[in-house]
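In: With the sequence up front, the predicted model follows.
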Amino acid sequence: MGDTKRGGWAQRSNLAVLALALCGAHAASAGDSLYSDKKLCGPDKYVDKEALAKLLVEHHRIGSTFRKATGQADGTSNAPLLAALMRMGDTPCDKMGGACDADEKRDSTRLMTQITLLFSNPQPEFSLPAGSSKADFFLTPDQVNPLLCTTRDTDRQTAEAVESSAGVAMRLRLRGHPDELVIRRDTREFRASTPADFSIERDEVGHSRTVSSNAYVGFVGQEQVTNLTRTAWIGYLGMARRSTRVDGEDARDRKLNQLHAGLIYEQHEVGNHRLTFRPTYFQDRVDGTRVVAASVEYTPYWPRKEEGRYVTNLLINFDAFAIRPVVKGKLKLGHFTSRSRDPDTAAHQENFLRAGGVLGVDIVGRDVPVEYHFSYTGLAKVRGPSSINHIAHALSLSLDPNNYASLLLAYVRGTNEETLLREKQWKLTFALRY
């Protein structure tokens, strides 16, 4: 009777999770509403810098306090005001000796962050020529250090055609862990994300060949950016496989053959935090195990001061290398809809609730294509048979300027939180991320 109930649970759970994964395939994108339908473009197709400055000043309530501090009289142009504020750094209130109240400090910090984002990742309405920067943008004529409009006539049609042809590729992501699928390729975090790995091992003594792979493919179904907050839905499929074939034998010894499917909801407030919710399902086709699970992960981005300017812990730059601290809090629960056919394994498979987090560091070379990654995952049991402790070291050599392909030397030890299997191994493998 218990097996019948569990089988019914499995069927319903399988359908539910597959439906969730398919929901992520809906493609819709929304630009930053602040810039939409605004008359910022001049007849020469350059962004009118004064019009842009006026929009930003009014949106972020930059008032007389800042004009007095920068020597700009009320009612005068806005572009020189923003240029003067930018010379003060990312947090102008800190340079004004306590002249700002709490609201003004918040508004000015958000303004500086938004200007930085506009130049590091322009909105669909604009394009940025190579070499353009925010440093003297508001002090120069529109055609000098320009921001170009792509919202009119031929430019808009060209932009839509390019977006349509590259749309699927831009939404597709390939990583070695589902939590890393939230990282965009156009951010500094991408180089520190975990790649998918593929390896072929040849044993000349045992006359066998082993093929292994660990990869998660994600597709960004819906993404929306509003001011400094980004939300996205990402559907994904993954696999963890390891099979060995002995020369002269037809049958393969499949030691691991898991399929994963899930959906990720991400809310990322730039410079503050990232919050993700991830329901997932996996099936071990070797021993029949099926699990429906869900996890909540919180990543804080605390500010730090660097040469008088505030930056976040996304990537801390030095002359020869950059460091990305990894700190995450995580809550994970799981329900076994079908237990292993092996009685000894099934005896340890209980529904679980675990809480903990991830600590680690990523070090990437500035002028050399070398990276080192370390992470410790600790999830203490709240309910269930055991806690999870997992350590991973990885040293990689990038093979292309986009950091898509690499050679990876890795060592892992402990219980893998995704496969729920113990592992202790060294491996040299070919790795991909996209």
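Out: Received the coordinates, thanks.
In: Sheet partners, orientation included, of the helix or strand encompassing residue 243?
Out: Under the criterion of DSSP states H and E, residue 243 resides in strand 229-246. When pairing is defined by DSSP bridges, strand 229-246 lines up against strand 208-226 (antiparallel), strand 253-269 (antiparallel).
In: Could you dump those strands into JSON lines and include distance to residue 412 and mean neighbour count?
Out: For every residue, glycine as well, the C-beta is placed using N, CA and C. As requested, the strands paired with strand 229-246 are arranged in JSON lines below (distance: least, CB to CB, whole Å; neighbours: other CB atoms under 10 Å):
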{"stretch": "strand 208-226", "distance to residue 412": "10", "mean neighbour count": "19"}
{"stretch": "strand 253-269", "distance to residue 412": "14", "mean neighbour count": "18"}
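In: and residue 413, which of the ones you listed is closest to it?
Out: strand 208-226 (15.7 Å; CB to CB).
In: Now find how far off-centre that closest one is within its chain.
Out: Averaging C-alpha positions (CA atoms, centre = their mean, to the nearest Å) puts strand 208-226 12 Å from its chain's average.
In: Where does the prediction get shaky in the stretch 301-434 of the chain?
Out: Low-confidence segments of the stretch 301-434 of the chain, defined by pLDDT under 70: 302-315.
In: got the residue ranges for the helices in it?
Out: Ranges of helices within the stretch 301-434 of the chain are 343-346, based on DSSP state H, counting those that start in this stretch.
In: cool, and the stretch 101-250 of the chain?
Out: Going by DSSP H, counting those that start in this stretch, the stretch 101-250 of the chain shows helices at 102-120, 153-171.
In: Just give me the lowest mean pLDDT stretch among the ones you listed.
Out: Per-stretch mean pLDDT for these is lowest at helix 153-171 (a mean of 52).
In: Now residue 223: closest residue in space that isn't a chain neighbour?
Out: Setting aside the residues directly before and after it, residue 223 is nearest to residue 232 in space (CB to CB, 6 or more residues apart in numbering), at 4.3 Å.
In: likewise residue 171?
Out: Spatially, and ignoring its direct neighbours in sequence, residue 171 is nearest to residue 220 (4.2 Å; CB to CB, 6+ apart).
In: contacting residues around the residue positioned nearest the centre of the chain?
Out: Most central in the chain under CA atoms, centre = their mean is residue 183, positioned 1.6 Å from the mean C-alpha point. Applying CB atoms under 8 Å, 6 or more residues apart in numbering, one finds that residue 183 lies in contact with 175, 189-190, 193.
In: redo that, cut-off 10 Å
Out: 173, 175, 189-194, 266, 268, 274, 433 (CB atoms under 10 Å, 6 or more residues apart in numbering).
In: so what's the backbone phi/psi at it?
Out: Residue 183 adopts backbone torsions of phi -80, psi 130, taken as degrees, to the nearest 10.
In: Next one: it from residue 173, what distance?
Out: For residue 183, the distance to residue 173 (CB to CB, to the nearest Å) stands at 8 Å.
In: between those two, what contacts are shared?
Out: Residues touching both residue 183 and residue 173 (CB under 10 Å, 6+ apart) are 190, 193, 433.
In: Now distance to residue 132 and neighbour count too, for those residues, in a markdown table please.
Out: Below are the shared contacts of residue 183 and residue 173 laid out as a markdown table (distance: CB to CB, whole Å; neighbours: other CB atoms under 10 Å):
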| residue | distance to residue 132 | neighbour count |
| --- | --- | --- |
| 190 | 22 | 18 |
| 193 | 27 | 25 |
| 433 | 28 | 24 |
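In: Just those: which are in strands?
Out: Using DSSP state E, the subset of these located in strands is empty.
In: closest to residue 56 among these?
Out: When the shared contacts of residue 183 and residue 173 are compared for distance to residue 56 (CB to CB), residue 190 wins out at 27.8 Å.
In: How many neighbouring residues does residue 62 have?
Out: 21 (other CB atoms under 10 Å).
In: likewise residue 134?
Out: Look at residue 134: counted by other CB under 10 Å, it has 18 neighbours.
In: Skip the chain neighbours and tell me the closest residue to it.
Out: Nearest residue to residue 134 in three dimensions, chain neighbours excluded: residue 119, at 4.4 Å (CB to CB, 6+ apart).
In: Spit out the contact partners of the one you found.
Out: Residue 119 touches 126, 128, 132-135, 137, 147, counting by CB under 10 Å, 6+ apart.
In: Could you chop this structure up by domain?
Out: Domain ranges of the chain: 2-29+172-432, 42-150, per automatic domain parsing.
In: Helix or strand: which one has residue 57?
Out: Counting by DSSP H and E, residue 57 is found in helix 49-59.
In: ah, wrong one, I meant residue 84
Out: helix 79-87.
In: Tell me the helices and strands packed up against the helix or strand just after that helix.
Out: For helix 79-87, the succeeding helix or strand toward the C-terminus, using DSSP H and E, is helix 92-95. Identification of packing neighbours for helix 92-95 by 3 or more CB pairs under 10 Å, 6 or more residues apart in numbering; DSSP states H and E yields helix 64-70, helix 79-87, helix 102-120.
In: Need the winner for burial among these.
Out: helix 79-87 (a mean of 21; mean count of other CB atoms under 10 Å).
In: pull the CA atoms of it into CSV?
Out: Taking C-alpha atoms only, helix 79-87 is exported to CSV below (Å, rounded to 0.1, in the frame of the first residue of the first chain):
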residue,chain,number,x,y,z
ALA,A,79,24.4,68.2,-16.5
PRO,A,80,27.1,70.2,-14.7
LEU,A,81,25.5,69.3,-11.4
LEU,A,82,25.8,65.6,-12.1
ALA,A,83,29.4,66.0,-13.4
ALA,A,84,30.3,67.7,-10.1
LEU,A,85,28.6,65.0,-8.1
MET,A,86,30.4,62.3,-10.0
ARG,A,87,33.8,63.9,-9.2
